[in-house]
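S.K.: Based on what follows, work out the 3D shape:
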Amino acid sequence: MDILLLRPHPGNDRFGLGPFFRVEPLGLEYIAAALLRDGHRVTVADLRFSPGVLTWMRRARPRMVGISCLHALEYDQVIKLAREVRRVSPQAFIIVGGHAAAAFPAPLETPEIDAICLEDGEELLPLLIRVMEKGGSALQVAGLRLREREGWISTPAGGERPGLDVVPLPARHLVARYRSGYHCLLFKPVWLVETARGCPYRCSFCSVWQLYERSCRERSLEAVVEDFVAAGESVFVSDDLFWHNPERSLALARALRARGMRKRWILVQTRTDLIGKSAELMEAWRPLAKDFDIFLGLEGASDRALDGITKDTGIGASIEAVRIARELDYGINGNFVIAHDWGEEDFRELWDFVELHGLQRAGFTVLTPLPGTDFYSEMAPRIPAQPWSNFDMHHLLWEPDLGVERFFELYAETWRRSILNTSGEKSLLDWMRQVRPAQIPYIARVLWRTQRMMQPKAYLKEHRKTHPAPAQLPCPSR
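M.R.: As a prediction, this is how the structure comes out:
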């Protein structure tokens, strides 16, 4: 079968750190590997680059089109893309999958889409195609939402989730044409590697643990080692929770070292309290890259702030994690969340914490109820209708306690205190000195885009597009 797998453009990425992160569609590469193994002809098209979808439809002439939907902010773009595909190929079977699609499929239940994948695509799609080729019904395949004449229905759940070694290695060659465009922070090109999937913790703002029911599945050490070795010099490990299994993580570090692997740069994501328990493990990993960064979900600047998001850890763990990581020569990239109900004292508490602990490399996101979480179910009645692109964690979804104008003044001031402010301690020239000459245009373009995060008027202009100011009532006559 001819199959086209599409990574859509996310649409609105004018705010936040989006310009710093454009990574390969690893999920589609794993699905493609499974389909290639079964003898299908597969094309992966990343629509964040040229050409557009119509060109790829003409080239691939697919019988099935798979569209990834990783984030809630992409729902509208995915539907628009499915509509384009349907217009040029009325008979194609269109299926949407990915994290956001599986966690909260309801927005995608439209006439343009035939099915929504609620399970891991690398197992489900090959099975679905085998059934279709034999003339069977998609109703026979577990883990789907299907558009039927009577409406959308769910097939039975798939039972126990399969191991991640259903497919040993992703089909990276299918995105080779885009490789030079994949980047993270200062590094370009970047490879994405997955060693495990899921998270057992229960942060209220996160949909990962709710989708995977607090499970954490791991790839075999042999497959991970081969993937790491085959990847290029700069690697972003996509695991939701790196170093979760200390024994396995230590064994993986030793296996990579035995293969003589050493990268230019590695970035991993983990929790602060895991670092406090893993000093020996971190010592084993540090020699595997010249530069080694950790992305930490710092989230709050006090125990009170952390308790409000069910982080199950305290501010002491954040401080200790930063100390241990720096002592072992890791770079720290953190993130804090800022709620709609913050007052001025909350912003000042955050500023003081960032200054005290030297966390200017942190990012700052608006605490957003993501579809698929209990937090979203709780807050949905309060959220007015608006484009899904606003769910990018840099828009206000409802009126903040401080009022929109004052909130954005303080939010922009928070970003001005970060390392991204080229008018601050680190100038544009300082940034240029950190990259190779060929990458100067890239870093200049990215930094130019991020400067609008320091401008309250830019946020206000964006906010008013989808949240028009209420009409002013006339003053009563005296």
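S.K.: switch to C-alpha atoms for all contacts and neighbour counts from now on
M.R.: OK.
S.K.: Would you map the helices across the stretch 1-150 of the chain?
M.R.: Applying DSSP state H, counting those that start in this stretch to the stretch 1-150 of the chain gives helices spanning 26-37, 53-60, 75-88, 99-103, 121-133.
S.K.: quick one, which of these is nearest to residue 296?
M.R.: Closest approach to residue 296 among the helices of the stretch 1-150 of the chain is made by helix 99-103 (20.9 Å; CA to CA).
S.K.: What helices and strands are in contact with that closest one?
M.R.: strand 115-117 (3 or more CA pairs under 8 Å, 6 or more residues apart in numbering; DSSP states H and E).
S.K.: in this structure, which ranges drop under the pLDDT threshold?
M.R.: 469-478 (pLDDT under 70).
S.K.: which stretch of helix or strand covers residue 252?
M.R.: Element membership for residue 252 (DSSP states H and E) is helix 246-258.
S.K.: residues making contact with that helix?
M.R.: By CA atoms under 8 Å, 6 or more residues apart in numbering, the surrounding residues in contact with helix 246-258 are 221, 225, 228-229, 243, 278, 281, 284-285, 288.
S.K.: check contacts around residue 51.
M.R.: By CA under 8 Å, 6+ apart, the contact set of residue 51 is empty.
S.K.: any idea where the strands of the stretch 201-350 of the chain begin and end?
M.R.: Remark: strands assigned in the stretch 201-350 of the chain by DSSP state E, counting those that start in this stretch are 216-218, 234-237, 263-270, 289-299, 331-338.
S.K.: re earlier: residues of the helix holding residue 252 that come out buried?
M.R.: Neighbour counts over helix 246-258 (16 or more other CA atoms under 10 Å) mark 246, 249-250, 252-253, 255-257 as buried.
S.K.: Just the closest of those residues to residue 102, please.
M.R.: Distances from residue 102 to the buried residues of helix 246-258, taken by CA to CA, are shortest for residue 249, at 28.3 Å.
S.K.: Residue 134 versus the closest one, what's the distance?
M.R.: 43 Å (CA to CA, to the nearest Å).
S.K.: Check the spacing between residue 398 and residue 75 real quick.
M.R.: 19 Å.
S.K.: In terms of neighbours, single out the busier of these two.
M.R.: residue 75 (25 against 14; other CA atoms under 10 Å).
S.K.: residues in contact with the nearest residue to that one once chain neighbours are set aside?
M.R.: Distances taken as CA to CA, 6 or more residues apart in numbering put residue 388 closest to residue 75, at 6.2 Å, once the chain neighbours are dropped. By CA under 8 Å, 6+ apart, the residues touching residue 388 are 72-76.
S.K.: give me that answer again for 10 Å
M.R.: 12, 71-77, 107 (CA atoms under 10 Å, 6 or more residues apart in numbering).
S.K.: And residue 69, by the same measure?
M.R.: 6-8, 10, 75-79, 96-102, 105, 108, 116.
S.K.: let's go with 7 Å and repeat that
M.R.: 75, 78, 96-101 (CA atoms under 7 Å, 6 or more residues apart in numbering).
S.K.: Ok, residue 384 next?
M.R.: residue 398.
S.K.: Make 44 the starting number, not 1.
M.R.: From this message on, residue numbering opens at 44, which makes the last subject residue 427.
S.K.: Can you tell me how far it is from residue 443?
M.R.: Going from residue 427 to residue 443 by CA to CA gives 13 Å.
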